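> With the input below, show me the fold.
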Amino acid sequence: MGNQNILKNSIRIRENKHKDRNLVQKHYHQMHQILYVLENSGEIILNEQVHSFTQDSLAFITPYSPHSITSDTKMTVLVLEFEVDEFGNDMKMLLHQHSFDETRLINMNLFTSGNVRQLLRRMLYEQSQGKVINQMSMKICLSELLLILLRNRKEPSITNANTFRAERLRKYMDTHYFEVTNATELSQKIGISTRHVNTIFKEQYNTTPMKYLNEVRMEVAKKLLVETDNDIPSICFEIGFESLATFYRRFKEFTGVSPKKFRLENKYSG
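This is a model prediction of the structure:
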């Protein structure tokens, strides 16, 4: 019954194995597809143009868009099929605004590629379970994947590898400050040592990643203390601290006063 349920779902993910020097003739599908290269390389023809199709490459293919693939060696590709209509008008409008109503090859940075791989792994697991709740989870994962690809389109082109890594770390902490727990986690995001992460970040921003993370959290805390009536323990939790005592200590080091005193002094100052 599990397999029958998943076949009725409008989101499906499968693995395609391409043999050495294998050609998949030009064809099209009635659904949207995302093709992600897991291993080795080849070429893909999209919109009558030939593109290199290597490990971690991603192709976004719209319905009835002809495409073909040639493998240089044995190549493994994940194929994610879905119906955009499942997501309502908001997602369709976003895709249209960012030109995702056209077939394209998407260049991804290290962070985007890593996040996409994790979501695809999750979708493979959810599909294998075959229950209604797993189908719902696949829809959530796909929504997140599409948003990641939309945001990836806005990324600037940076040629220096260390500058790029430092910039990506900074942006990651700006938007995920509530999730980061330690420096090791940050270094794992880009696959380099913690010491090297500290070096390249300090060269770019004259501070360490963890000090920058603390600054981001403190600025958010100040804003929440002044602009909301949220309890201080709630603010502590929201910005990523597990310990209220640690939050109080960090906040006083940053501002010179306790969170409570800061709120009293600033909430009605405007």
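> So which bits of stretch 190-198 are buried?
Ile190, Ile192, Thr194, Val197, Asn198 (16 or more other Cβ atoms under 10 Å). (Each C-beta comes from the backbone N, C-alpha and C, glycine too.)
> Apologies, that question was intended for stretch 177-184.
Quick answer for stretch 177-184 (16+ other Cβ under 10 Å): Tyr177, Val180, Ala183.
> And for stretch 260-270?
Phe262, Arg263.
> can you give me how far that stretch is from the chain middle?
36 Å (Cα atoms, centre = their mean, to the nearest Å).
> ditto for stretch 196-214
22 Å.
> quick one: average pLDDT of it?
Averaged over stretch 196-214, pLDDT sits at 91.
> can you check stretch 88-100 too?
Rounded mean pLDDT across stretch 88-100 is 75.
> Spatially nearest residue to Phe82, not counting backbone neighbours?
Ile11 (4.6 Å; Cβ to Cβ, 6 or more residues apart in numbering).
> tally of neighbours for Ile44?
22 (other Cβ atoms under 10 Å).
> Assign it to helix, strand or coil.
Three-state assignment for Ile44 (DSSP: H, G, I helix; E, B strand; the rest coil): strand.
> How about Thr181?
coil.
> Now it. Nearest residue, chain neighbours left out?
The nearest residue in space to Thr181 (Cβ to Cβ, 6+ apart) is Gly240, at 8.0 Å.
> quick one, what contacts that neighbour?
Going by Cβ atoms under 8 Å, 6 or more residues apart in numbering, Gly240 touches Tyr177, Phe178, Glu179, Val180, Thr181, Arg217.
> That one: which element?
Assigned by DSSP states H and E, Gly240 belongs to no helix or strand.
> Quick check: pLDDT value at it.
92.
> Then Lys8?
Taking Lys8 on its own, its pLDDT is 49.
> quick one: contacts for Phe100?
Phe100 makes contacts with Phe60, Leu94, Leu146, Leu149, Leu150, as judged by Cβ under 8 Å, 6+ apart.
> just Phe262 next, same as before
Contacts for Phe262 (Cβ under 8 Å, 6+ apart) come out as Lys222, Leu225, Phe251, Thr255.
> Ok, Thr163 next?
With Cβ under 8 Å, 6+ apart, Thr163 has these contacts: Gln204.
> list the buried ones in whichever strand or helix holds it?
Element membership for Thr163, per DSSP H and E: helix 161-176. By neighbour count on 16+ other Cβ under 10 Å, the buried set for helix 161-176 is Phe164, Arg165, Ala166, Glu167, Arg168, Leu169, Arg170, Tyr172, Met173.
> for stretch 203-212, same thing?
Neighbour counts over stretch 203-212 (16+ other Cβ under 10 Å) mark Gln204, Pro209, Met210, Tyr212 as buried.
> Looking at the residues you listed, which two lie furthest apart in space?
Gln204 and Met210 (14.9 Å; Cβ to Cβ).
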